[in-house]
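**Student:** Build me a model from this:
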Amino acid sequence: MPTATMTSKGQITMPKVVRDELGLIAGSKVMFVKMPDGRYSLIPRTGRISDVFGAVPVESSLSLEEMDAIVRDGAVESDQRTRNI
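**Tutor:** I've put the predicted structure just below:
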């Protein structure tokens, strides 16, 4: 199992095998996503948004009708704020 050691400045050199498997190159960005059990998942930001789908647990799901209502209400509120400026 690949391991790394953190420096006094909080920096870690990611093992080459991990960089290769994640497709990371110099300048790549990664996200640290806290999981419900307190552990963290490292997610490369080099791919598509669909690559991280499911990384953050959703406690409840909304129907399409509920999502439409939320978007509609937000649009109405935004329009009202714009008219009051």
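**Student:** Can you find the helix or strand in this protein with the smallest mean pLDDT?
**Tutor:** Least confident helix or strand of the chain, by mean pLDDT, DSSP states H and E, is helix 64-84 with a mean of 77.
**Student:** That one: how far from the chain's middle?
**Tutor:** 25 Å (CA atoms, centre = their mean, to the nearest Å).
**Student:** what does that helix contact?
**Tutor:** With CB atoms under 8 Å, 6 or more residues apart in numbering as the test, helix 64-84 has contacts from Leu62. (C-beta placed from N, C-alpha, C; glycine too.)
**Student:** Show me what counts as buried in that helix.
**Tutor:** Residues of helix 64-84 include none that count as buried (16 or more other CB atoms under 10 Å).
**Student:** Send me that helix as CSV with only the CA atoms.
**Tutor:** Below are the C-alpha coordinates for helix 64-84, written out as CSV (Å, rounded to 0.1, in the frame of the first residue of the first chain):
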residue,chain,number,x,y,z
LEU,A,64,-38.5,16.5,-10.4
GLU,A,65,-41.6,18.5,-9.4
GLU,A,66,-40.0,19.5,-6.1
MET,A,67,-36.8,20.5,-7.9
ASP,A,68,-38.8,22.5,-10.4
ALA,A,69,-40.6,24.3,-7.6
ILE,A,70,-37.3,25.2,-5.9
VAL,A,71,-35.8,26.6,-9.1
ARG,A,72,-39.0,28.5,-9.9
ASP,A,73,-39.1,30.0,-6.4
GLY,A,74,-35.5,31.0,-6.6
ALA,A,75,-36.1,32.7,-10.0
VAL,A,76,-39.1,34.6,-8.6
GLU,A,77,-37.0,35.8,-5.6
SER,A,78,-34.1,36.8,-7.9
ASP,A,79,-36.5,38.8,-10.1
GLN,A,80,-38.0,40.6,-7.2
ARG,A,81,-34.5,41.5,-5.8
THR,A,82,-33.5,42.8,-9.2
ARG,A,83,-36.6,45.0,-9.5
ASN,A,84,-36.1,46.5,-6.1
